[in-house]
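Colleague: Okay, predicted coordinates and the sequence, questions at the end:
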Amino acid sequence: MEIITEFIKLNTRGHTDIIDITPHVQDIISSKGFTEGQALVSAIGSTTGITTVEYEPGLVKTDIPKLLSQYIPYGPDYAHNDTWGDDNGAAHLRSSLIGTSITVPFLNGELLLGRWQQIIFIDFDTRSRARKIAVQLTGKKPEE
Amino acid sequence: MEIITEFIKLNTRGHTDIIDITPHVQDIISSKGFTEGQALVSAIGSTTGITTVEYEPGLVKTDIPKLLSQYIPYGPDYAHNDTWGDDNGAAHLRSSLIGTSITVPFLNGELLLGRWQQIIFIDFDTRSRARKIAVQLTGKKPEE
Amino acid sequence: MEIITEFIKLNTRGHTDIIDITPHVQDIISSKGFTEGQALVSAIGSTTGITTVEYEPGLVKTDIPKLLSQYIPYGPDYAHNDTWGDDNGAAHLRSSLIGTSITVPFLNGELLLGRWQQIIFIDFDTRSRARKIAVQLTGKKPEE
């Protein structure tokens, strides 16, 4: 068994910007020649999220942002904002709720996801950010 | 260290059908002879969920479905439904929120869970489904 | 590659008591001499939570408890409470929603987290508890 660590770098718009990172993760698996194992996908930063979704505009542009705005609205009413003179309390709460990391298994070099299931990175912050996501592969290569 | 990939197959009723899959996962660990390691349990499909709960009827039949119905009700009011003529927008949102994967450590061949803590698969879709859940074990066997 | 399993023991106050366990996890990595790999952090018990957050009082003492109280209030109105004569139905629901486990990668012996991103354990139960959290490291040491 082997382990390798790579990084995906993204420029995001913030405000619950949702990006399909499945091709990036699959490319790392393929280029490193792993056949059976798992991809740990872990976002760096406390206003980020990682989960899976069917990546289509209805969910990604409307339903997910709307759901989160309904229950964790952006705005001034968070104690976090008082701590730092910040305006991103909602971004932190969304991040803690959704989580910043997922592990997805792969077999025969292919991620074990549903046909309509993609791995997404979400930037919850209230401004544009340059982001890093760690992708750590653990598993086997064919010669082993 | 070794890695193996197995699958659990389930027929579900959908509509937030909650199934205790702990015995399936424990059986795979025991039958493969792993002693120390971890079980990655990853559902395939974007209307599924994996988490842990005390598996008793009050929580499983009433409290969890009721909580989700209160904040993410099934129904027509999702942009996702317009995209596909679907009716399962709520199922996708619930899945992204709860998550589709968990990793649970084991030691001496036994899952490290609380006495009242079970691993559950949830089918959020709005119809019966045949489901596959990947279980990938990483760890050691006694001879190592 | 190697795997080792350790435990963090904590005495908590319950009622959504939020504890920064990042130093405990980092200490285990450092003391065991791992350089590249991942830390699976998995809480034992169905009224616990593990996630990440910026560990500052505004979020930890006010915003997170307030958010959860708004949507999943402590109190008697849960079917779970009827099952056992318990009063912690809300604690179970919060646990299933937030999740009880996270995996965080590390490189050069350091956890790959943001500067303001800490790993937290949350005790959602309605009383003081003695808790155990499993920390399982998988990865490489320098001599390998």
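Modeller: Structure's in. What do you need?
Colleague: C-alpha only now, for contacts and for neighbours.
Modeller: OK.
Colleague: show me where pLDDT drops low in chain A?
Modeller: Residue ranges of chain A with pLDDT under 70: A:143-144.
Colleague: cutoff 90 now
Modeller: When residues are selected by pLDDT under 90, those of chain A lie in A:76, A:82-86, A:142-144.
Colleague: can you pull out the helices in chain A?
Modeller: All helices of chain A, identified by DSSP state H, fall at A:22-32, A:57, A:64-71, A:79-84, A:89-98.
Colleague: For the fourth one, name the packing helices and strands.
Modeller: So that's helix A:79-84. Applying 3 or more Cα pairs under 8 Å, 6 or more residues apart in numbering or on different chains; DSSP states H and E, we find helix A:79-84 packed against helix A:89-98.
Colleague: quick one, strands of chain A?
Modeller: Here chain A has its strands, by DSSP state E, at A:2-12, A:17-20, A:36-43, A:48-53, A:101-107, A:110-111, A:118-123, A:129-140.
Colleague: any chance of the ones you listed in TSV, plus distance to chain B and mean neighbour count?
Modeller: TSV is the format used below for the strands of chain A (distance: least, Cα to the nearest Cα, whole Å; neighbours: other Cα atoms under 10 Å in any protein chain shown):
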stretch	distance to chain B	mean neighbour count
strand A:2-12	10	16
strand A:17-20	12	19
strand A:36-43	7	26
strand A:48-53	6	26
strand A:101-107	7	23
strand A:110-111	10	18
strand A:118-123	8	25
strand A:129-140	7	21
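Colleague: Format those strands as a markdown table; extra columns: distance to C:Ile122.
Modeller: Putting those into a markdown table (distance: least, Cα to Cα, whole Å) gives the following:
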| stretch | distance to C:Ile122 |
| --- | --- |
| strand A:2-12 | 29 |
| strand A:17-20 | 27 |
| strand A:36-43 | 20 |
| strand A:48-53 | 19 |
| strand A:101-107 | 17 |
| strand A:110-111 | 32 |
| strand A:118-123 | 23 |
| strand A:129-140 | 25 |
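Colleague: got the residues of chain A near chain C?
Modeller: Contact residues (Cα under 8 Å from any Cα of the partner chain) of chain A with chain C: A:1-3, A:5, A:40, A:42-46, A:72, A:78-83, A:89, A:92-93, A:95-103, A:134, A:136.
Colleague: at 6 Å what do you get?
Modeller: Residues of chain A lying near chain C by Cα under 6 Å from any Cα of the partner chain: A:Ile44, A:Gly45, A:Ser46, A:Ala79, A:His80, A:Ser96, A:Leu97.
Colleague: so which pair among those is furthest apart in space?
Modeller: Pairwise distances across these peak at 23.0 Å for A:Ile44 and A:Ala79 (criterion: Cα to Cα).
Colleague: hey, what's the nearest residue to A:Gly139 once chain neighbours are set aside bridged with?
Modeller: Among residues not flanking A:Gly139 along the chain, A:Gly37 sits closest, at 3.9 Å (Cα to Cα, 6 or more residues apart in numbering or on different chains). Legend: beta-bridge partners of A:Gly37 under DSSP bridges are A:Phe106, A:Gly139.
Colleague: thought A:Gly37 was touching A:Gln136?
Modeller: No: counting by Cα atoms under 6 Å, A:Gly37 does not reach A:Gln136; the two are 10.5 Å apart.
Colleague: what separates A:Leu40 from A:Lys132, distance-wise?
Modeller: Counting by Cα to Cα, to the nearest Å, the gap from A:Leu40 to A:Lys132 is 14 Å.
Colleague: And A:Thr12, by the same measure?
Modeller: Counting by Cα to Cα, the gap from A:Thr12 to A:Lys132 is 11 Å.
Colleague: Please apply the same query to A:Met1.
Modeller: 26 Å.
Colleague: hmm, who's touching stretch A:53-71?
Modeller: For stretch A:53-71, the surrounding residues in contact (Cα atoms under 6 Å, 6 or more residues apart in numbering or on different chains) are A:Trp116, A:Gln117, A:Gln118, B:Ser46, B:Ala79, B:His80, B:Ser96.
Colleague: what number of residues lie near the fourth one?
Modeller: Think B:Ser46. 27 (other Cα atoms under 10 Å in any protein chain shown).
Colleague: Disregarding flanking residues, what is the spatial nearest neighbour of it?
Modeller: Nearest residue to B:Ser46 in three dimensions, chain neighbours excluded: A:Gln117, at 4.9 Å (Cα to Cα, 6+ apart).
Colleague: check contacts around the one you found.
Modeller: Residues near A:Gln117 by Cα under 6 Å, 6+ apart: A:Val53, A:Glu54, B:Gly45, B:Ser46.
Colleague: Then A:Gly49?
Modeller: By Cα under 6 Å, 6+ apart, the contact set of A:Gly49 is A:Ser95, A:Ile98, A:Gly99, A:Thr100, A:Phe121, A:Ile122.
Colleague: any idea how far the spatially closest residue to A:Phe121 that is not a sequence neighbour lies from chain C?
Modeller: Of all residues beyond its chain neighbours, the one nearest A:Phe121 is A:Ile50 (4.8 Å), with distances taken as Cα to Cα, 6+ apart. Separation of A:Ile50 from chain C (Cα to the nearest Cα, to the nearest Å) stands at 12 Å.
Colleague: A:Asp123 now?
Modeller: Using Cα to the nearest Cα, one obtains 14 Å as the distance from A:Asp123 to chain C.
Colleague: ok, that residue touching A:Thr16?
Modeller: Yes: counting by Cα under 6 Å, A:Asp123 does reach A:Thr16; the two are 5.2 Å apart.
Colleague: any idea how far chain C is from A:Glu36?
Modeller: Counting by Cα to the nearest Cα, the gap between A:Glu36 and chain C amounts to 16 Å.
Colleague: With adjacent residues omitted, what lies nearest to that residue?
Modeller: Distances taken as Cα to Cα, 6+ apart put A:Leu107 closest to A:Glu36, at 4.5 Å, once the chain neighbours are dropped.
Colleague: Kindly report the same for A:Ile8.
Modeller: In space, A:Ile8 comes closest to A:Ile133 once its chain neighbours are excluded; the distance is 5.1 Å by Cα to Cα, 6+ apart.
Colleague: shouldn't the one you found be in contact with A:Asn11?
Modeller: No: using Cα under 6 Å, A:Ile133 is not in contact with A:Asn11, being 11.3 Å away.
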